[in-house]
Structures are given as structure tokens and as C-alpha cells.
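**Q** what shape does this take:
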Amino acid sequence: MQELLLTVARGLVEDKDAVSVVVDQPNEDGTVVYHLSVAPGDMGRVIGKQGRIAKAIRVVMRAVAVRKGEKIVVEID
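**A** Reported below is the predicted structural model:
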């Protein structure tokens, strides 16, 4: 899951080395939080107009997680 998020994010940004993902431990209801960090100049590329790209990233990640029986949340820091 972490590799998928890294691959998607690196495809969107210019500074590919600044992309990182931190994964939290599952909380009490089993949800895993993925924190995506990018360079400040690339933040707009990841969020998109009206948050459409960020929403699409979250949808794709949730779809893959559901197939694996997991619950996830993607936060863009």
C-alpha cells in the first residue's frame, strides 16, 4: 500500500525525492493512517483544483485496501 501511494505521488510531482509516506499503527477500530508529504512547491499538484486529485488518490487507495480487507485514511501533510 505504501509503495502504491509513493508511486502515484511521484508521478504527479516535480521533486520526486521529497515525496515520503509515514504509516501509523492501526488505531482501535483497525484504521491505518498514511501521511503523504511532498515539497511545498508540489502541494498544489497533489491536491489539485478543488481537491480533485487528492480525492482521487484517496478513492484509489481505499479501493485497494477494501480488496485486502483493510481500512485506511490518506492524509496529505
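
**Q** and residue 47, what does it touch?
**A** Residues counted as contacts of residue 47 (CB atoms under 8 Å, 6 or more residues apart in numbering) are 53, 54, 76. In short, each C-beta sits where N, CA and C put it, glycine included.

**Q** show me which of these is closest to residue 18.
**A** residue 76 (13.1 Å; CB to CB).

**Q** for the closest one, which residues make a bridge with it?
**A** residue 36 (DSSP bridges).

**Q** contacts only, for residue 46.
**A** 9, 12, 13, 36, 38, 53, 54, 57, 76.

**Q** which residues in the protein form strands?
**A** Listed in chain order, the strands of the chain (DSSP state E) span residues 20-23, 31-37, 71-76.

**Q** could the ones you listed go into a markdown table alongside mean pLDDT and distance to residue 48?
**A** Below are the strands of the chain laid out as a markdown table (pLDDT from 0 to 100; distance: least, CB to CB, whole Å):
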| stretch | mean pLDDT | distance to residue 48 |
| --- | --- | --- |
| strand 20-23 | 96 | 18 |
| strand 31-37 | 96 | 13 |
| strand 71-76 | 95 | 11 |
